[in-house]
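Chemist: Requesting a structural model of the entry that follows:
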Amino acid sequence: MRTEKIFSTVFVLAVMFGLGTGCESGAGPNEFSTVDGGGDADSDSDSDSDSDADSDSDSDSDSDSDSDADTDSGTEEECPSEIQVIYHDFEPDHPDFGCSMEGTGITYGLILDTLDEDRKPQYNPDIPDVTGGSDPMITSAETFYQWFHSVPGVNIESAGAIPLTEDPPGSGFFVYENDDHVIVPGEGAFTTEIHSEFVYEEGQEFSFSGDDDVWIFIDGKLVVDIGGLHQEESGTVYLDDLGLTPGETYNIDMFHAERCYGFSIFKLETSIDCFEPIIII
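Modeler: As a prediction, this is how the structure comes out:
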């Protein structure tokens with residue numbers, strides 16, 4: 001009886017620990033019934049249930065819980081393929097809109113060369129001489145304030161987006177082009193406002209063509225000034241000329257006005273491949 005009991009005990013231990021019983025091919029002394037030695041049910045050497053050698057439960061080779069090969073905790077977000085914009089729509093009887101003024105070319109210096117604390121353009125009280133057309137080109141500081149601020153009874157604010165398309169594909173240049181850039185079809189007394197940020201890399205440039213006023217600020221400084229009522233005009237800034245630091249993030253602010261509608265040309269072209277929106281209150 002004692003011999004049989006000892007034999008039964010040894011047999012049970014042999015089954016539990018695979019002591020040469022043939023319960024598992026290749027298993028040796030003190031190994032569990034897996035082939036990896038990790039104490040789990042997979043074929044790797046860790047203690048999780050996947051087939052890689054890390055300590056998480058996904059199928060990649062890093063230590064996080066997502067399905068990519070980096071060490072963060074989520075999949076990488078794609079850059080927006082559009083630029084967020086704010087519109088302010090006016091009635092045609094506004095003193096600065098609705099063809100109440102006229103112009104024959106660019107009027108430089110209508111605004112100051114820095115933004116105010118709200119990231120808005122500032123009216124220049126020392127209005128320069130107008131190079132053809134109405135004088136003054138902007139009625140007053142009060143009316144200009146209304147261009148890019150929501151003022152009940154004067155304008156209607158709305159949000160929108162400008163899609164960017166790489167053109168031609170693989171060129172690294174992203175374009176939005178519209179020969180009838182309006183909020184409401186057939187109407188054109190409004191402003192367009194953009195506030196974004198981007199990472200500067202050497203060789204970047206930003207161009208605009210259109211009518212009427214357009215002002216572009218980078219890092220809070222005016223870099224494109226094509227103000228006034230005019231036909232299609234263009235402006236380009238080469239970012240290498242601005243003294244920026246590669247790899248650093250900078251703000252870009254753009255302000256546009258369509259004041260006398262017959263057509264509304266709006267073309268934006270840039271080698272900046274990612275614009276992250278900024279909320280301006």
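Chemist: looking at this structure, which helix or strand does the model trust least?
Modeler: Scoring the helices and strands of the chain by mean pLDDT, DSSP states H and E places helix 2-17 at the bottom, with a mean of 35.
Chemist: Show the subsequent helix or strand relative to that helix.
Modeler: With elements assigned by DSSP states H and E, the helix or strand that comes after helix 2-17 is strand 82-90.
Chemist: Residues contacting that next one, please?
Modeler: By Cβ atoms under 8 Å, 6 or more residues apart in numbering, the surrounding residues in contact with strand 82-90 are 97-98, 146-150, 154-164, 176, 183-184, 187, 189-196, 268, 275, 277, 280. Where you see a C-beta, it was placed from the backbone N, CA and C, and this is true even at glycine.
Chemist: how about a cut-off of 6 Å?
Modeler: For strand 82-90, contacts defined as Cβ atoms under 6 Å, 6 or more residues apart in numbering pick out 97, 155-158, 160-163, 183, 189-194, 275, 277.
Chemist: Check stretch 180-195 too.
Modeler: The list of residues contacting stretch 180-195 from outside it, by Cβ under 6 Å, 6+ apart, reads 83, 85-90, 92, 97-98, 147-148, 253-258, 261, 264, 266, 278, 280.
Chemist: How far does it stretch from one end to the other?
Modeler: Looking at stretch 180-195, the gap from its leading to its trailing residue is 22 Å under the measure Cα to Cα, to the nearest Å.
Chemist: Show me how far that stretch is from its chain's centre.
Modeler: Counting by Cα atoms, centre = their mean, to the nearest Å, stretch 180-195 is centred 21 Å from the centre of its parent chain.
Chemist: One more: stretch 272-281?
Modeler: Distance, stretch centre to chain centre, for stretch 272-281: 5 Å (Cα atoms, centre = their mean).
Chemist: Export that stretch to PDB, keeping only CA atoms.
Modeler: Output in PDB follows, covering the C-alpha atoms of stretch 272-281 (Å, rounded to 0.1, in the frame of the first residue of the first chain):
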ATOM      1  CA  ILE A 272       3.900  74.200 -45.100                       C
ATOM      2  CA  ASP A 273       2.400  70.700 -44.800                       C
ATOM      3  CA  CYS A 274       0.500  71.000 -41.500                       C
ATOM      4  CA  PHE A 275      -1.600  73.700 -40.000                       C
ATOM      5  CA  GLU A 276      -2.900  73.200 -36.500                       C
ATOM      6  CA  PRO A 277      -5.900  75.400 -35.600                       C
ATOM      7  CA  ILE A 278      -5.800  77.900 -32.700                       C
ATOM      8  CA  ILE A 279      -8.900  79.000 -30.900                       C
ATOM      9  CA  ILE A 280      -9.200  82.700 -30.600                       C
ATOM     10  CA  ILE A 281     -11.900  84.000 -28.200                       C
END
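Chemist: What residues of that stretch count as buried?
Modeler: If you call a residue buried by 16 or more other Cβ atoms under 10 Å, then stretch 272-281 has these buried ones: Ile272, Asp273, Phe275.
Chemist: could you give the mean pLDDT of that stretch?
Modeler: For stretch 272-281, the per-residue pLDDT values average out at 87.
Chemist: Same check on stretch 167-181?
Modeler: This predicted structure assigns stretch 167-181 an average pLDDT of 95.
Chemist: what's the answer for stretch 132-145, then?
Modeler: Looking at stretch 132-145 alone, the average pLDDT works out to 91.
Chemist: contact partners of it?
Modeler: Stretch 132-145 is touched from outside by 95-96, 101-105, 107, 110, 123, 127, 130, 228-229, with contacts defined as Cβ under 6 Å, 6+ apart.
Chemist: May I ask which of these has the most neighbours?
Modeler: Using other Cβ atoms under 10 Å as the neighbour criterion, Gly228 leads these with 29 neighbours.
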